[in-house]
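> Build me a structure from this.
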Amino acid sequence: MRWALVKVCLAVTTMVVVAFAVPLGLVIREMARDRAFSNAEREAAAVAPALSITTDRDQLERVVASAGSDAGMAVHIPASGDAAAVDLGRRRAAADDIATVRRLGRASTSEVPGGSTLLQPVALSSGEIAVVEVYVPDAEVTNGLATAWAVLAGVGLALIVGSVAVADRLGVRMVRPAQRLVEGAHELGEGKLGARVPEDGPTELRLAAVAFNSMADQVVQLLANERELAADLSHRLRTPLTVLRLNAASLGDGPAAEQTRAAVAQLEREVDTIIRTARDAKPQTVAAGPGAGCDAAEVVRERMAFWSALAEDEGRKVRVAGVDRPVRIPVARADLAAALDALLGNVFRHTPEGTAFAVDVHNGEDAVIVLVSDAGAGISDPEAAMARGRGSGSAGSTGLGLDIVRRLAESTGGDVRIGSSVLGGTEVRIWIQLDGRAPVRRGHRGAVRRRRPGRLVSTFNRPRSLP
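Here you go, the predicted model:
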């Protein structure tokens, strides 16, 4: 917008300057010509009184010399009676032009090599007509013309530059509020809910800024209402949870009773976490600073200890690898636990009893990879399984569990892939970036460096179905 305004102003100003400068330049040229011939007329008039008194050659030569124009002036006196014709000075005009002026009795100009001549008729005492010829060279006609045109061009250029400068300032005044509006929209789109735009500039942009700020306020209010609604809905779960906890307490002893009580306690903790998160509006998938996050190995051991009891009841073989050393990741402990519970819960819900599963943790220099594999029938459409709300296609699947896992990985700059596992079923790979960079894309096979005593590199096969 700014440069478009400058270009339009430049074009308009240039046309105006040309429209005025060209005629003015022609007028200046005509004025210089008129000035030169006016001087010639004054010189011819200085000789006229002497011609009316005498036609003596010597006296006329002195008069012409005193006029200071003897080099460019000539006097042509016709013959009269016994007196012969007298020609003083150098004649440049044609004889026919001189005869015509003498006959008509009017001054005229004629073109000659190197300039022009002014032919001025003067009446003599004898009644004859003498002609005074004054030479006007081209240099005198154009004297000062180049300077005048240069000044005119300078003034025109100054007008153009000045108009462009004014247009640029006006453009900045219009464009800067628009740029601030664009920046505010980008910030709001990136989740910076405090982004606002100064309400200044032209009327239209000021109204747009007012509308943007009002919209941003409404977005903040809507999000606050959503969080309050989530907190309220979660709080309503406390009553049935209390009933479940009391009923679980009356189940007595035994593995099933302990698992039920542990599940109810876990559910209560999750509801409390949802309420606190909704009230505080603080994302829990981003580490808050150095040392923040959790130990992925510890979380995997803890969750596998919970799920192993249920796996033993159903006759499932369980394998865990890569959790013998601490593995720090920039993810909150509760979020990683929720993601693992979602994936392991899918294994129990969508595979028959007796199906084996495994959890592997690979610790690299710039990323940590968590693999959850099973020996089930696999997922026919991994892309549909990753789509929120569509699920894997099985009965009772909503896809929300995989969406939780995806959001956890993407919060660190990583991603989630679904493919075929070495066990013959499904493998879900969670790539967690340690430095927040975009995930590294590799081929169908990749390697992750691990720091283990006696082993520098541990390789793993990525699913062949991954792109």
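
> in the protein, which spans are helices?
2-53, 57-66, 95-104, 138-141, 145-189, 203-236, 238-249, 255-280, 296-313, 333-350, 382-386, 400-410 (DSSP state H).

> could you say what helices and strands the fourth one packs with?
Using 3 or more C-beta pairs under 8 Å, 6 or more residues apart in numbering; DSSP states H and E, the elements in contact with helix 138-141 are helix 2-53, strand 115-123. In short, each C-beta sits where N, CA and C put it, glycine included.

> Could you export the helices of the chain as JSON lines, including mean neighbour count, distance to residue 365 and mean pLDDT?
Shown next, in JSON lines, are the helices of the chain (neighbours: other C-beta atoms under 10 Å; distance: least, C-beta to C-beta, whole Å; pLDDT from 0 to 100):
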{"stretch": "helix 2-53", "mean neighbour count": "15", "distance to residue 365": "47", "mean pLDDT": "78"}
{"stretch": "helix 57-66", "mean neighbour count": "15", "distance to residue 365": "107", "mean pLDDT": "74"}
{"stretch": "helix 95-104", "mean neighbour count": "15", "distance to residue 365": "104", "mean pLDDT": "84"}
{"stretch": "helix 138-141", "mean neighbour count": "14", "distance to residue 365": "86", "mean pLDDT": "80"}
{"stretch": "helix 145-189", "mean neighbour count": "14", "distance to residue 365": "33", "mean pLDDT": "81"}
{"stretch": "helix 203-236", "mean neighbour count": "13", "distance to residue 365": "38", "mean pLDDT": "79"}
{"stretch": "helix 238-249", "mean neighbour count": "13", "distance to residue 365": "43", "mean pLDDT": "71"}
{"stretch": "helix 255-280", "mean neighbour count": "15", "distance to residue 365": "32", "mean pLDDT": "76"}
{"stretch": "helix 296-313", "mean neighbour count": "17", "distance to residue 365": "15", "mean pLDDT": "90"}
{"stretch": "helix 333-350", "mean neighbour count": "20", "distance to residue 365": "20", "mean pLDDT": "86"}
{"stretch": "helix 382-386", "mean neighbour count": "17", "distance to residue 365": "27", "mean pLDDT": "74"}
{"stretch": "helix 400-410", "mean neighbour count": "19", "distance to residue 365": "18", "mean pLDDT": "80"}
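
> Out of the ones you listed, which gets nearest to residue 131?
The closest of the helices of the chain to residue 131 is helix 95-104. By C-beta to C-beta, the value is 5.1 Å.

> where's the most centrally placed residue in the chain relative to residue 192, distance?
For the chain, residue 179 is the residue whose C-alpha lies nearest the centre (C-alpha atoms, centre = their mean; 8.7 Å). Note on residue 179: its distance to residue 192, by C-beta to C-beta, to the nearest Å, is 17 Å.

> Between the helices of the chain, which one is closest to residue 124.
Smallest distance to residue 124 across the helices of the chain (C-beta to C-beta): 6.1 Å, for helix 2-53.

> contact partners of stretch 101-109?
Residues outside stretch 101-109 that contact it (C-beta atoms under 8 Å, 6 or more residues apart in numbering) are 37, 41, 44, 78, 97, 100, 116-121, 129, 131, 136.

> at 7 Å what do you get?
Here stretch 101-109 makes contact (C-beta atoms under 7 Å, 6 or more residues apart in numbering) with 37, 78, 116-121, 129, 131.

> what number of residues lie near residue 80?
Residue neighbour count, defined by other C-beta atoms under 10 Å, stands at 16 for residue 80.

> whoops, residue 191 was the one
8.

> mind listing what it touches?
By C-beta under 7 Å, 6+ apart, no residues touch residue 191.

> Now do it against residue 208, distance only.
Applying C-beta to C-beta, one obtains 22 Å for the distance of residue 191 from residue 208.

> do residue 75 as well
Going from residue 75 to residue 208 by C-beta to C-beta gives 84 Å.

> Just give me the neighbour total for the nearest residue to residue 92 once chain neighbours are set aside.
Counting by C-beta to C-beta, 6 or more residues apart in numbering, residue 112 is the residue found nearest to residue 92 once chain neighbours are left out, at 4.5 Å. Neighbour count for residue 112, taken as other C-beta under 10 Å: 17.

> Equivalent analysis for residue 118, please.
25.

> what do you get for residue 367?
By the criterion of other C-beta under 10 Å, residue 367 has 20 neighbours.

> same deal with residue 428?
Count around residue 428 with other C-beta under 10 Å applied: 26.

> what does the one 5 residues further on give?
Neighbouring residues of residue 433 were enumerated by other C-beta under 10 Å; the total is 22.

> Please report how far it lies from residue 331.
To residue 331, residue 433 is 10 Å away according to C-beta to C-beta.

> joint contacts of those two?
Jointly contacting residue 433 and residue 331 under the rule C-beta under 7 Å, 6+ apart are residue 412.

> what residues does stretch 51-62 touch?
50, 75, 77, 83, 86, 88, 122-125, 130.

> closest to residue 223 among those residues?
Closest approach between these and residue 223, by C-beta to C-beta: residue 122, at 103.5 Å.

> Can you read off the pLDDT for that closest one?
pLDDT recorded at residue 122 is 84.

> Run a quick neighbour tally on it.
By other C-beta under 10 Å, the residues close to residue 122 number 21.

> Beta-bridge partners for it, please?
Note on residue 122: beta-bridge partners residue 130, judged by DSSP bridges.

> got the contact list for it?
Residue 122 sits next to 48, 51-52, 130, 132 when contact means C-beta under 7 Å, 6+ apart.

> Residue 416 contacts residue 405, doesn't it?
Yes: with contacts counted by C-beta atoms under 7 Å, residue 416 reaches residue 405, the gap being 5.5 Å.

> So for the two, which residues contact both of them?
When contacts are counted by C-beta under 7 Å, 6+ apart, residue 416 and residue 405 are jointly contacted by residue 430.

> Which two among the contacts of residue 122 are spaced furthest apart?
The most widely separated members of the contacts of residue 122, counting by C-beta to C-beta, are 52 and 132 (11.7 Å).
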